[in-house]
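> Mind folding the following:
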Amino acid sequence: MPVLDTSFIVDLLRGRKEAALLLAELEGRGAILATTPITVLELYRGAFLSADPERNMAAAKKILAALIVLPLDDDAATVFGALSARLRSEGKRIGDFDEVIASIALVRDREMVTRDEHFREVAGLKVVG
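Numbers count the residues shown, from 1 in each chain. Next up, the predicted model:
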């Protein structure tokens, strides 16, 4: 189950061809698509910061309705604690929100679909995009 990151969903919303092609490939192989509650938060924040919040909220909700939103549970929180501490000690911070997103994907052994290269700093996380 691929986990779609905020950057990838934003690319879809903006009509970027590369994102649409990758989505078609994922759907073509029968992948069950998911995202995280953090991505939902980021999409809603972006919509409200935009010039047309109503239109952008509707577009975000339409995409999110087709995805499974994976929970931020105790297992993911534990993985986040360890991951965040390790990245900090290595001087490789990727940002709190992205560390939470990565933790949710890691605890469920999912691949991350993103254009954000810093996710590659997370050991054990398969990154696509």
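
> Centre of the chain to stretch 73-87, how far?
On the basis of Cα atoms, centre = their mean, to the nearest Å, stretch 73-87 sits 16 Å off its chain's mean C-alpha point.

> Please, which helix or strand holds Thr102?
Check again: residue 102 is Ala, not Thr. Assigned by DSSP states H and E, Ala102 belongs to helix 96-107.

> which other residues reach the very next helix or strand once past that helix?
Next helix or strand after helix 96-107 toward the C-terminus (DSSP H and E): strand 112-113. Contact with strand 112-113 is made by 2-5, 8, 22, 26, 101-102, 105, 119, 125-129, as judged by Cβ atoms under 8 Å, 6 or more residues apart in numbering. No exception for glycine: its C-beta is placed from N, CA and C like everyone else's.

> so what strands line up beside strand 112-113?
When pairs are called by DSSP bridges, strand 112-113 turns out to pair with strand 3-4 (parallel), strand 127-128 (parallel).

> of all these, which lies closest to Arg45?
Using Cβ to Cβ as the criterion, the shortest distance between Arg45 and these is 16.7 Å, found for strand 3-4.

> Counting by contacts, list what the helix ranked longest in the chain packs against.
For the chain, the helix reaching the highest residue count under DSSP state H is reported as helix 74-90. With contacts defined as 3 or more Cβ pairs under 8 Å, 6 or more residues apart in numbering; DSSP states H and E, helix 74-90 has these neighbours: helix 96-107.
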